[in-house]
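Visitor: Got a predicted structure plus its sequence, pasted below:
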Amino acid sequence: MHTLIGLFLFAFSTASAYQVPVADTDYSRQICSGIWANDKTYINASFDATSQGQLAMVIYEWADAPYLGKVTSTTDELLPPQKTYVCTSDAVYKNFCTRDDLGRFILDLPAGKSINDTSFWSARVELPANSNTSSPQRESTSGFWNSGNDTLPSSQSDNGPTAWRRDISSTRAVNTSPTGIYTYSQPIQYLVRKTGYYCVAIVPVTVQGSTIRQTSSDPHPHYNGLIFFQNKFNGMLPATDYPKVNFYFAMFIIYGVLAMYWGWLCYKNAQDLLPLQYYLSGLVGLLVIEMVANWGYYRYLNAHGRGTTSTVFLIVVAILDAGRNSMSFFMLLVVSLGLSVVKESLGRTMIKCQVLAVAHFIFGILYAVGIVELELESTSALVLLIFVIPLAFTLSGFLLWIMYSLNATIAQLRARKQRYKLSMFEMLHRILLFTVLVIAIFFVVSSFSFSGRLAEGWFLFPFLEEELTWPAFSSRLRGQVMESSMVAA
């Protein structure tokens, strides 16, 4: 516990932004992230001094995505139309763009709509390694490029690619695109004044007659850079994950109050505690530790980003999560079997329950570690199944055993005409069935949400889906178990 508290204190540090590295070897040429906006939020794109060549670059809000690229063919009505996104010599020949747009992204705006009416910032950028050998025209873009200043202001300390920042309050909110080639010399900044989902697309372009030549096996020059998404909150978490910080803190407070209340009840009735109450006390304590560990993990990520320490921290959180799941299912199983409510002891059946819980805990850890360490794109399906199938078997075993035992206990209480206890178990049965129904509905909702992932504001849904659904129902189930144990006492 002292170690966790130390990590929390260590997690409070200087603020920075969510950052994504980019390179010429990336498979995907687009980086997107949600941004919680205010009057000081922005996106920065920076490249190191060894980067060379020219890039077609565009920054925009996802709501304007339909205007990006020119529809060039429609092969199937069931498939989206094919688009040409970058203006090349071939695209000019086919009248998809003009010669003035060579090396830039194609924007297919409707009649009467100009680029200033959209969120687009688009440019053809020449990278630093080319600057000493070529001198393209440098466009003046008042308020955005600040092109008259080739060096960082002396009043700012050089602590990295985002150390320099202009006085945003003195600039216009409009991000003006340059009309010619821009020679990169300082971080490119895009002002964000509206909460939404923003993307940065970067495509290297081959320039004929470039003084920096490349071999036939090296189609484009090399570049490395960082994209920074500065939200209104301070830290390195993406906008989707930041709500988890406050969510887990709130859950820690709720579970902490619940633990104190439960501890007070146990203290008052220390002489009359049953085995079920001891198990429940352990589960409540584990829940408090898990919530505080999750809160600390996201605070640490927000302050320091991902690394070796965060990976170790994540594995610890995964172990706690596996322990909570195993203990929750174990509690539901022994309650369904009637421990301390219908039966004083389960005999050898208790050993079987414990073995199943331990197996589920071990397989849960393997699954959690596998998700962290394995690269899903490059790992074979067989290896992935090795991590998934054992956990699926123990989970299925728990669920089937719980439902079978609960039905048997309800039938036994009905035969004994113990109506109050019967009503408690029938309520538990209805909650379980309702939970299964809600999970099934969420599969459908998740499918629709994925199909609608292009919609504005979609970046908020993964947090709501992941964090607000299962915890609410699992808490309801644990509350019902706690109420049953109080009746038993």
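Guide: Nice, thanks for sending it over.

Visitor: my guess is Leu337 contacts Asn407, does it?
Guide: No. Taking contacts as Cβ atoms under 8 Å, Leu337 lies outside contact range of Asn407: 11.5 Å. All C-beta spots, glycine's among them, are computed from the backbone N, C-alpha and C.

Visitor: Now for the two: what residues contact both?
Guide: Counting by Cβ atoms under 8 Å, 6 or more residues apart in numbering, Leu337 and Asn407 have no shared contacts at all.

Visitor: and those two? which has more neighbours close in?
Guide: Taking other Cβ atoms under 10 Å, Leu337 and Asn407 do not tie; Leu337 has more neighbours (21 against 13).

Visitor: ok, for that one, nearest residue in space, not its chain neighbours?
Guide: Leaving aside its sequence neighbours, Leu337 sits nearest to Ser405 (Cβ to Cβ, 6 or more residues apart in numbering; 4.7 Å).

Visitor: That neighbour: neighbouring residues, count only.
Guide: By the criterion of other Cβ under 10 Å, Ser405 has 19 neighbours.

Visitor: do the same with Cys199
Guide: A total of 19 residues lie near Cys199 under the criterion other Cβ under 10 Å.

Visitor: is it true that it lies in a strand?
Guide: Yes. Secondary structure assignment places Cys199 in a strand (DSSP: H, G, I helix; E, B strand; the rest coil).

Visitor: Just to check, Arg124 is in contact with Thr88?
Guide: No. Judged on Cβ under 8 Å, Arg124 makes no contact with Thr88 at a distance of 11.8 Å.

Visitor: Spit out the residues that contact those two alike.
Guide: 102, 205.

Visitor: okay, the two: which has more neighbours?
Guide: Neighbours were counted for Arg124 and for Thr88 using other Cβ under 10 Å; Arg124 has more, 23 against 19.

Visitor: Show the contacting residues for the more buried one.
Guide: Counting by Cβ under 8 Å, 6+ apart, Arg124 touches 54-57, 102-104, 180-182, 205.

Visitor: Serialize the residues you listed to TSV and add fields for pLDDT.
Guide: Listed next are those as TSV, based on pLDDT from 0 to 100:
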residue	pLDDT
Gln54	87
Leu55	89
Ala56	89
Met57	90
Leu102	87
Gly103	87
Arg104	89
Gly180	82
Ile181	86
Tyr182	82
Val205	84
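
Visitor: Which one of those is nearest to Trp264?
Guide: Met57 (61.2 Å; Cβ to Cβ).

Visitor: What is the neighbour count of the closest one?
Guide: 23.

Visitor: Offset the numbering so it begins at 36, please.
Guide: Sounds good: first residue 36 from here, last item Met92.

Visitor: ok, residues contacting the helix or strand hosting it?
Guide: Assigned by DSSP states H and E, Met92 falls within strand 89-96. Identification of contacts with strand 89-96 by Cβ under 8 Å, 6+ apart yields 78, 80, 103, 121-122, 138-140, 153-162, 165, 210, 216, 223, 225, 229, 231-240, 242, 245, 258, 491.

Visitor: what residue ranges in the stretch 386-524 of the chain score low on pLDDT?
Guide: 407-414, 481-524 (pLDDT under 70).

Visitor: where exactly do the helices run in it?
Guide: Applying DSSP state H, counting those that start in this stretch to the stretch 386-524 of the chain gives helices spanning 416-451, 454-486, 496-503, 505-523.

Visitor: The residue nearest to Leu372 is in contact with Leu368, isn't it?
Guide: Yes. Judged on Cβ under 8 Å, Ser440 makes contact with Leu368 at a distance of 6.8 Å.

Visitor: hang on, the earlier thing: can you redo the contacts of Arg159 as JSON lines with distance to Ser431?
Guide: Shown next, in JSON lines, are the contacts of Arg159 (distance: Cβ to Cβ, whole Å):
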{"residue": "Gln89", "distance to Ser431": "56"}
{"residue": "Leu90", "distance to Ser431": "51"}
{"residue": "Ala91", "distance to Ser431": "51"}
{"residue": "Met92", "distance to Ser431": "50"}
{"residue": "Leu137", "distance to Ser431": "59"}
{"residue": "Gly138", "distance to Ser431": "56"}
{"residue": "Arg139", "distance to Ser431": "55"}
{"residue": "Gly215", "distance to Ser431": "63"}
{"residue": "Ile216", "distance to Ser431": "61"}
{"residue": "Tyr217", "distance to Ser431": "58"}
{"residue": "Val240", "distance to Ser431": "53"}
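
Visitor: quick one: which of those is nearest His395?
Guide: Distances from His395 to the contacts of Arg159, taken by Cβ to Cβ, are shortest for Met92, at 49.2 Å.

Visitor: what comes up buried for the helix or strand that contains Val57?
Guide: Assessed by DSSP H and E, Val57 sits inside strand 53-58. By 16 or more other Cβ atoms under 10 Å, the buried positions in strand 53-58 come out as 53-54, 57.

Visitor: Which strands or helices does it pack on?
Guide: Helices and strands touching strand 53-58, by 3 or more Cβ pairs under 8 Å, 6 or more residues apart in numbering; DSSP states H and E, are strand 65-70, strand 259-265.

Visitor: which one of those strands lies closest to Ala357?
Guide: Among the helices and strands packed on strand 53-58, the nearest to Ala357 by Cβ to Cβ is strand 65-70 (29.5 Å).

Visitor: Touching the closest one from outside, list them.
Guide: Contacts for strand 65-70 (Cβ under 8 Å, 6+ apart): 53, 55, 57, 76, 78, 97, 227, 230-237, 262, 264-266, 273-275, 494-495.

Visitor: which among the residues you listed end up buried?
Guide: Counted by 16+ other Cβ under 10 Å, the contacts of strand 65-70 give 53, 57, 76, 78, 97, 227, 230-237, 262, 264-266, 273-275, 494 as buried.

Visitor: where's the nearest residue to Leu448 once chain neighbours are set aside relative to Ser212, distance?
Guide: Nearest residue to Leu448, sequence neighbours excluded (Cβ to Cβ, 6+ apart): Leu457, at 4.2 Å. Counting by Cβ to Cβ, to the nearest Å, the gap from Leu457 to Ser212 is 71 Å.

Visitor: circling back to that earlier point, among the contacts of strand 89-96, which lie within strands?
Guide: Using DSSP state E, the subset of those located in strands is 78, 80, 156-161, 216, 223, 225, 231-240.

Visitor: Helix, strand, or coil at Val323?
Guide: Classified using three-state DSSP, Val323 is helix.

Visitor: what's it in contact with, if anything?
Guide: 287, 290-291, 294.

Visitor: repeat that for 10 Å
Guide: 36, 286-295 (Cβ atoms under 10 Å, 6 or more residues apart in numbering).

Visitor: Closest one of those residues to Leu417?
Guide: Of those, the one sitting nearest to Leu417 (Cβ to Cβ) turns out to be Met286, at 37.0 Å.
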